[in-house]
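Q: 3D model of this:
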Amino acid sequence: MKTIHAADIREWRNRNVVDFEGHKIGVLEAVYVDTATDESAMATVRIGLPTRQRLAFVPLGDAILGPDYVKVGYAKAQVKKAPSIGTDDILPAEGEEAIFQHYGMEYRPGAGGERQLARR
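A: As a prediction, this is how the structure comes out:
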């Protein structure tokens with residue numbers, strides 16, 4: 001078990017993402033880093049039916065890497081209700097705060113209003 005580092009992202013794409021009880025949520029699509037620290041902060045998880053997939057956001061603060069999965073510290077139901085984007089969409093800057101609010105986390109954009117999240 002190890003934490004997810006930006007350098008490891010390619011290795012973990014398309015692995016299963018499971019909740020803290022081991023229930024499959026979806027598949028890891030991308031990792032977003034905190035722009036202030038360059039540490040992994042959020043992941044997008046591909047969820048939904050094959051013909052109607054979307055990317056839901058989930059924090060990686062408590063994530064654990066298993067042999068073939070990423071375990072997050074949130075329930076499957078909460079992740080499925082999280083703010084999401086289409087599989088070909090980009091997260092708009094104004095959409096970041098809603099993700100943090102969904103998980104009860106503080107949103108801290110940069111002093112000049114810079115984004116807190118950047119896709120890697």
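Q: Please name the bridge partners of the most centrally placed residue in the chain.
A: For the chain, the residue nearest the mean C-alpha position is Ala43 (1.8 Å; Cα atoms, centre = their mean). Legend: beta-bridge partners of Ala43 under DSSP bridges are Val31, Val58.
Q: Rounded mean pLDDT for stretch 108-120, please.
A: Stretch 108-120 comes out with an average pLDDT of 83.
Q: Same check on stretch 36-51?
A: What stretch 36-51 shows for mean pLDDT is 90.
Q: Regarding it, how distant is the last residue from the first?
A: 36 Å (Cα to Cα, to the nearest Å).
Q: quick one: contacts for the residue nearest to Phe57 when sequence neighbours are not counted?
A: Closest residue to Phe57 apart from its sequence neighbours, by Cβ to Cβ, 6 or more residues apart in numbering: Ile99 at 4.6 Å. Placement of C-beta: from N, CA and C, glycine included. Going by Cβ atoms under 8 Å, 6 or more residues apart in numbering, Ile99 touches Met42, Phe57, Ala82, Pro83, Leu117.
Q: Widest-spaced pair of the residues you listed?
A: Pairwise distances across the contacts of Ile99 peak at 13.5 Å for Ala82 and Leu117 (criterion: Cβ to Cβ).
Q: centre of the chain versus the helix ranked longest in the chain, how much separation?
A: Secondary structure of the chain per DSSP state H: the longest helix is helix 96-102. Offset of helix 96-102 from its chain centre (Cα atoms, centre = their mean, to the nearest Å): 12 Å.
Q: residue contacts, His102?
A: Contacts of His102 (Cβ under 8 Å, 6+ apart): Phe57, Gln78, Lys81, Ala82, Pro83.
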